[in-house]
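A.B. asks: Take a look and give me a structure for this.
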Amino acid sequence: MENITFGFTSELTLDPFFIPPGGKYPIFFLGIAIYLFGVSCNMTLLTLIILKKKLHKPMYFILLSLPLNDLIGITAMLPKVLSDIVTETHKVYYPLCVLQAFLLHMYGGGVLFILAAMSFDRYVAICMPLRYSSVMTQRAVICIISLVWGFDFLLIFSLFSLQTRLPRCKSVIMNVFCDNPSLLKLTCGNTAVNNIIGLFNTAVIQVVSVSIQAYSYVKILITCVVTRKFETKMKAVNTCVAQLVLLIIFEVVATFTILSHRFKNVSADLQKIMGMLIFLIPPILNPIVYGLYTSEIRNTLLAALKNRVSF
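C.D. replies: Numbering: from 1, shown residues only. I've put the predicted structure just below:
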């Protein structure tokens, strides 16, 4: 095959999944409903934390990153997919494709780093309650949030900086959205370094985030077993259960997505749909789960709704 390097502004073609006759607009309106619901839930959580002074605590300042990250994930993926379904163009310029892929990978790493930061905060609050205010200072919270976003950005940036240096000889993305593996398949150069860096970054994200969470929750569990204080145990249940549920949701969806690409008998359309779920299910469920399990957020929201209805 002749090696051709397409220009930076070249147009790429996305490979759509099969839509049965008459199904275009029902799928489109269902997607719009899902998107609006996800955005509304995350915006509600963001607004509550920003406007309600009783939530101006280290725990909730760190939590702010979660709905923000979810908005990035669902917005980077779904509107483009829905637009392509209606217009049937399935075209994207290379810079926009790279931007979409970059944001989606930032979202994936961000979820795990944010949950790790939240688990550390709960570890300090439950295992070292007398030192909480001295450990989780404003400066410490800013440093934690900066590390979460900064470390995630550096890992993903290093991956994509290697991506853009390779010549391209194909112009069809074998997916309904852009991601790093799909972009890598467009290249005609040696991708060994990219694969190694990709695996290394994935390992770092998983190992760092899961290790922090495992350590935090083991320490919290030990504290709950040892202590006789009912208040301490309820604090752990109210917040830690929510965070564990969020982690399980993300990891289960991610695992099913990865497995769908490993079995040859899984259709290409199902693989594409499974790939979309990781950017749909967590952003929709995260604010709901956290709101239900965290009494302070739940009570604040109910009070705000009650005041609005009374008004």
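A.B. asks: contacts, neighbours, all on C-alpha from now
C.D. replies: OK.
A.B. asks: need the helices for the stretch 201-311 of the chain, in chain order.
C.D. replies: Taking DSSP state H, counting those that start in this stretch, the helices of the stretch 201-311 of the chain run over residues 230-260, 268-277, 281-293, 295-310.
A.B. asks: Low-confidence bits of the protein, can you list those?
C.D. replies: Across the chain, the ranges flagged by pLDDT under 70 are 1-9, 228-239, 260-264, 293, 308-311.
A.B. asks: again, 80 this time
C.D. replies: For the chain, the stretches with pLDDT under 80 are 1-9, 163-166, 189, 225, 227-243, 254-268, 290-296, 298-299, 301-311.
A.B. asks: that older thread, so which of the helices of the stretch 201-311 of the chain gets nearest residue 74?
C.D. replies: Nearest of these to residue 74, taken as Cα to Cα: helix 281-293 at 6.7 Å.
A.B. asks: and that closest one with helix 268-277, angle?
C.D. replies: 40 degrees (axes from the mean of the first three to the mean of the last three Cα atoms, to 10 degrees).
A.B. asks: by contact count, what packs against helix 281-293?
C.D. replies: helix 24-51, helix 65-87, helix 230-260, helix 295-310 (3 or more Cα pairs under 8 Å, 6 or more residues apart in numbering; DSSP states H and E).
A.B. asks: What are the buried residues along the shortest one?
C.D. replies: Right, helix 295-310. For helix 295-310, the neighbour count (16 or more other Cα atoms under 10 Å) marks 297, 300, 301 as buried.
A.B. asks: could I get these as TSV with distance to residue 244?
C.D. replies: Listed next are the buried residues of helix 295-310 as TSV, based on distance: Cα to Cα, whole Å:
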residue	distance to residue 244
297	17
300	22
301	22
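A.B. asks: related to what we said a few turns ago, pick the most buried one from the helices of the stretch 201-311 of the chain.
C.D. replies: Highest mean neighbour count among the helices of the stretch 201-311 of the chain (mean count of other Cα atoms under 10 Å): helix 281-293, with a mean of 21.
A.B. asks: ok, and what's touching that helix?
C.D. replies: The contact list for helix 281-293 (Cα atoms under 8 Å, 6 or more residues apart in numbering) reads 34, 37-39, 41-42, 45, 67, 70-71, 73-74, 238-239, 241-243, 245-246, 249-250, 253, 297-298.
A.B. asks: Pull the contacting residues for residue 146.
C.D. replies: Applying Cα under 8 Å, 6+ apart, no residues contact residue 146.
A.B. asks: Rebuild the helices and strands packed on helix 281-293 as CSV, extending it with distance to residue 172.
C.D. replies: Shown next, in CSV, are these (distance: least, Cα to Cα, whole Å):
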stretch, distance to residue 172
helix 24-51, 22
helix 65-87, 15
helix 230-260, 21
helix 295-310, 45
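A.B. asks: which one of those lies closest to residue 161?
C.D. replies: Between these, helix 65-87 lies closest to residue 161; by Cα to Cα that is 19.4 Å.
A.B. asks: Quick one: list the elements packing against the closest one.
C.D. replies: By 3+ Cα pairs under 8 Å, 6+ apart, helix 65-87 packs against helix 24-51, helix 94-127, helix 281-293.
A.B. asks: Could you tell me the angle between the first one and helix 65-87?
C.D. replies: I take that to be helix 24-51. Helix 24-51 and helix 65-87 are oriented at 160 degrees to each other (the same axes, to 10 degrees).
A.B. asks: For helix 24-51, enumerate the helices and strands it packs against.
C.D. replies: helix 65-87, helix 281-293, helix 295-310.
A.B. asks: Go again with 10 Å.
C.D. replies: Applying 3 or more Cα pairs under 10 Å, 6 or more residues apart in numbering; DSSP states H and E, we find helix 24-51 packed against helix 58-63, helix 65-87, helix 281-293, helix 295-310.
A.B. asks: Now do the buried residues in it.
C.D. replies: Those would be 24, 28, 31, 34-35, 38-39, 41-43, 45-46, 48-49, for helix 24-51 by 16+ other Cα under 10 Å.
A.B. asks: from those, which single one is nearest residue 129?
C.D. replies: Nearest to residue 129 among the buried residues of helix 24-51: residue 49, at 22.2 Å, using Cα to Cα.
A.B. asks: Identify the residues contacting the closest residue to the closest one other than its chain neighbours.
C.D. replies: Across the structure, with Cα to Cα, 6 or more residues apart in numbering as the measure, the residue nearest residue 49 apart from its sequence neighbours is residue 55 (5.5 Å). Going by Cα atoms under 10 Å, 6 or more residues apart in numbering, residue 55 touches 48, 49, 61, 296, 297, 300.
A.B. asks: Which of those residues sits closest to residue 122?
C.D. replies: residue 61 (12.9 Å).
A.B. asks: so how many other residues sit close to that closest one?
C.D. replies: By other Cα atoms under 10 Å, 19 other residues sit near residue 61.
A.B. asks: before we move on, back to that, quick check: which of the helices and strands packed on helix 281-293 is nearest to residue 188?
C.D. replies: Taking the helices and strands packed on helix 281-293 one by one with Cα to Cα, helix 230-260 is closest: 24.3 Å.
A.B. asks: Having no further points to raise, I will conclude here.
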